[in-house]
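J.: any chance you can model this:
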Amino acid sequence: MAALSFMLRSLCCPSMGASEFFGDGRLDRIEEGLYLGTLDAACDIETVSGLNVTHILTVASQPLPQHTVQAFTGRSSLFYIKVYDDVCSDLLSHFQDAVDFIKQGQNIGTVLVHCLCGVSRSSTLVTCYLMNKYNITRDKALKRVQKRRSCAVPNRGFMDQLLLYQTMGCQLNTSHLQYKLYLLHTVGSVLTKDYERKVDAKYRVIFQPDPTSLTSLPSPAYRCQNCRSPLISEDALIPHYPNETPDWRDGKWSERLQKDSNSSSSSSGMVSGRLKKDSNSSSNRKWSGRLEKGSNSSSSSGMVSGRLKKGSNSHSSSGMVCDKGVFTFPIAWMEKTLGEELLPGPTSLRGRLTCPICQHCIGHYDWLQGYKCECKAKITPGFYFIPSRLEKY
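T.: Sure, this is the predicted structure:
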């Protein structure tokens, strides 16, 4: 067993030789009061005690062995984050908890952060902590970590998450558009892979408030064309450019939206990068956008062959946000009209969206395949509203 464990560490950290395996190679001091290491290091009670470790942060698929936990009871505070070392795994939503735990530990003692090999998951958390503590970029923080532990290399997915963390100012901002897209994408991935379709309750933050529960609605807002009940507030919208699928990894896309939000274009009828209410149009204006579900749907399905109308903007370079379809994040009232909880585990992964007041069909949702807008941009998971069945107010 020891030989197998050594082989694993050697593969994960090639610079670790046989003479280092039972020595410093298992963990490294990143800064005063902060160590980064392997599972073996965390289970070595003598080593941990010798370093006066008061806090142990485990980020792995399994918690520390029970006998190790018992040995540390009364000696050290333990914190466990269950995450697999996979490019699709969500570590970002745990960043704040990790930062708080490490900060607390450093204030009163010494912290050991570890995963299996001390390479990807644990180095990601230590990097995010340094970013938050010193207000530095991802690359600068990671360079500090690698200077002390050369084999520390977060996987590609975690690197993207660290970059988004940097974009948010080294804190989790649940109102940040990119972060909301990230959470929505994460939920879709879980529902795709998890047979039981169980999603952690923490992801409920992606549900936007029911407009009827708000004292004032940000403009523009949408209501049911049939009964005029409020349905969508501006914050629930997912804006997109023609023929461009929104991607939480694409910082330039988010920057463009932000830039557009700071300028108005009277010729395009847009304000703040979103649809501007046309004061000359009637309140029950009908839209002609239609829906194409999935990527394999044909033009015979009733959409306009995915083409934009003549004279409309067919290229994102125009700087105009698409107005052909209305896509949103999940909204609180959706659970009421569906008669089930969309989270933690929906019984139906796709279906119709109906007005919670008049039960009129107003759109569709699909957690797995999403929907394609007439402009060819695809949103997954997709919560699509039929434009002609909405009116802006």
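
J.: which secondary element of this protein has the worst mean pLDDT?
T.: Least confident helix or strand, the chain: helix 18-21 with a mean of 33, by mean pLDDT, DSSP states H and E.

J.: so what touches the next helix-or-strand element following that one?
T.: As assigned by DSSP states H and E, the chain's next helix or strand after helix 18-21 is strand 27-31. Contact with strand 27-31 is made by 35-38, 41, 47, 112, 114, 118, 126, 130, 144-145, 148-149, as judged by CB atoms under 8 Å, 6 or more residues apart in numbering. Every C-beta, even on glycine, is put in place using the N, C-alpha and C of the backbone.

J.: quick one: strand 27-31 to chain centroid distance?
T.: 29 Å (CA atoms, centre = their mean, to the nearest Å).

J.: show me the contacts for the residue nearest to residue 222 when sequence neighbours are not counted.
T.: Spatial nearest neighbour of residue 222, chain neighbours left out: residue 232 (4.1 Å); criterion: CB to CB, 6 or more residues apart in numbering. Taking CB under 8 Å, 6+ apart, we find residue 232 in contact with 211, 221-223, 326, 328, 331, 385, 390.

J.: apply 7 Å and report the result again.
T.: Neighbouring residues of residue 232 by CB atoms under 7 Å, 6 or more residues apart in numbering: 211, 221-222, 328, 331.

J.: residue 246 now?
T.: Listed by CB under 7 Å, 6+ apart, the contact partners of residue 246 are 181, 238, 240, 253, 379.

J.: what's the closest non-adjacent residue to the second one?
T.: It refers to residue 238. Leaving aside its sequence neighbours, residue 238 sits nearest to residue 327 (CB to CB, 6+ apart; 4.4 Å).

J.: who does the helix or strand encompassing the one you found pair up with?
T.: Element membership for residue 327, per DSSP H and E: strand 326-327. With DSSP bridges as the test, strand 326-327 is paired with strand 382-385 (antiparallel).

J.: and the strand holding residue 327, how far out from the chain middle?
T.: 19 Å.

J.: ok, back up a step: next, count neighbours for the residue nearest to residue 238.
T.: Residue 327 is flanked by 23 other residues according to other CB atoms under 10 Å.

J.: for it, which residues make a bridge with it?
T.: Beta-bridge partners of residue 327, as defined by DSSP bridges: residue 384.

J.: okay but it is in contact with residue 384, surely?
T.: Yes - using CB atoms under 7 Å, residue 327 makes contact with residue 384 at a distance of 5.8 Å.

J.: for residue 357, give me its contacts.
T.: Contacts of residue 357 (CB under 7 Å, 6+ apart): 224, 227, 229.

J.: secondary structure class of it, three-state.
T.: Using DSSP: H, G, I helix; E, B strand; the rest coil, the structure places residue 357 in coil.

J.: now which of the contacts of strand 27-31 would you call buried?
T.: The neighbour-count test (16 or more other CB atoms under 10 Å) marks 35-38, 41, 47, 112, 114, 118, 126, 130, 144-145, 149 as buried among the contacts of strand 27-31.

J.: out of the residues you listed, which one sits closest to residue 54?
T.: residue 112 (9.2 Å; CB to CB).

J.: name the residues that touch the helix or strand that closest one falls within?
T.: Using DSSP H and E, residue 112 maps to strand 110-114. Contacts to strand 110-114, defined as CB under 7 Å, 6+ apart, come from residues 27, 33-39, 41-42, 48, 51-58, 102, 105, 122, 125-126.

J.: can you pull out the strands in the stretch 251-393 of the chain?
T.: Taking DSSP state E, counting those that start in this stretch, the strands of the stretch 251-393 of the chain run over residues 270-271, 274-275, 292-293, 326-327, 350-354, 361-366, 371-372, 378-379, 382-385, 390-392.

J.: adding distance to residue 193 and mean pLDDT, write those out as JSON lines.
T.: Formatted as JSON lines, the strands of the stretch 251-393 of the chain follow (distance: least, CB to CB, whole Å; pLDDT from 0 to 100):
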{"stretch": "strand 270-271", "distance to residue 193": "38", "mean pLDDT": "37"}
{"stretch": "strand 274-275", "distance to residue 193": "33", "mean pLDDT": "38"}
{"stretch": "strand 292-293", "distance to residue 193": "22", "mean pLDDT": "40"}
{"stretch": "strand 326-327", "distance to residue 193": "23", "mean pLDDT": "95"}
{"stretch": "strand 350-354", "distance to residue 193": "17", "mean pLDDT": "90"}
{"stretch": "strand 361-366", "distance to residue 193": "16", "mean pLDDT": "94"}
{"stretch": "strand 371-372", "distance to residue 193": "21", "mean pLDDT": "93"}
{"stretch": "strand 378-379", "distance to residue 193": "20", "mean pLDDT": "94"}
{"stretch": "strand 382-385", "distance to residue 193": "18", "mean pLDDT": "95"}
{"stretch": "strand 390-392", "distance to residue 193": "33", "mean pLDDT": "92"}
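
J.: so can I have JSON lines of those showing distance to residue 171?
T.: Below are the strands of the stretch 251-393 of the chain laid out as JSON lines (distance: least, CB to CB, whole Å):
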{"stretch": "strand 270-271", "distance to residue 171": "28"}
{"stretch": "strand 274-275", "distance to residue 171": "25"}
{"stretch": "strand 292-293", "distance to residue 171": "37"}
{"stretch": "strand 326-327", "distance to residue 171": "27"}
{"stretch": "strand 350-354", "distance to residue 171": "33"}
{"stretch": "strand 361-366", "distance to residue 171": "30"}
{"stretch": "strand 371-372", "distance to residue 171": "32"}
{"stretch": "strand 378-379", "distance to residue 171": "26"}
{"stretch": "strand 382-385", "distance to residue 171": "27"}
{"stretch": "strand 390-392", "distance to residue 171": "33"}
